[in-house]
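Student: Sequence and predicted model, in that order:
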Amino acid sequence: MEFDLSPLWLSLKTAVTATVITFFLGIAAARWMIGYRGKGKGLIEDFFISPLVLPPTVVGFLLLLLLGKNGFIGQLLLQVGVTVIFSGQPL
């Protein structure tokens, strides 16, 4: 009996890639926030902490709103020919 392990490898590759990207972006954001003393520091900190306190479904919904074809970031990406979600095409 043969097993198809491609979903497992895809999940592992995605998890490792997301972990590496998040690690380096998190370190960069933390170093920047240490020295930041400008207005809105509390709001920026709230933005960084929100994934820790919000349920994953809320964060997913917010990402859909932002990255969808009608979202703010989605509209910007469409202008350069990039669709992230609901495109039916791979990136």
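Tutor: Sure, I can see it. Just so we're clear, the structure is a prediction, and the values are computed from it rather than from any experiment. Residues are numbered from 1 along each chain as shown.
Student: for the protein, which residue is closest to the average position?
Tutor: Nearest to the centroid of the C-alpha atoms of the chain, with distances taken as C-alpha atoms, centre = their mean, sits residue 63, at 7.5 Å.
Student: quick one: that residue from residue 42, how far?
Tutor: As for residue 63, its distance to residue 42 is 23 Å (criterion: C-beta to C-beta, to the nearest Å). Where you see a C-beta, it was placed from the backbone N, CA and C, and this is true even at glycine.
Student: before we move on, what SS does the residue nearest to the centre of the chain have?
Tutor: Secondary structure, DSSP: H, G, I helix; E, B strand; the rest coil: residue 63 is helix.
Student: ok, now which ones touch it?
Tutor: If a contact means C-beta atoms under 8 Å, 6 or more residues apart in numbering, then residue 63 has no contacts.
Student: What helix or strand is residue 39 located in?
Tutor: In this structure, residue 39 is located outside every helix and strand according to DSSP states H and E.
Student: And this protein, what are its domain boundaries?
Tutor: Each structural domain of the chain that the record assigns through automatic domain parsing is listed here as a residue range: 1-53, 55-91.
Student: Just name the most buried of the ones you listed.
Tutor: Counting by mean count of other C-beta atoms under 10 Å, domain 55-91 has the highest mean neighbour count of the domains of the chain, with a mean of 11.
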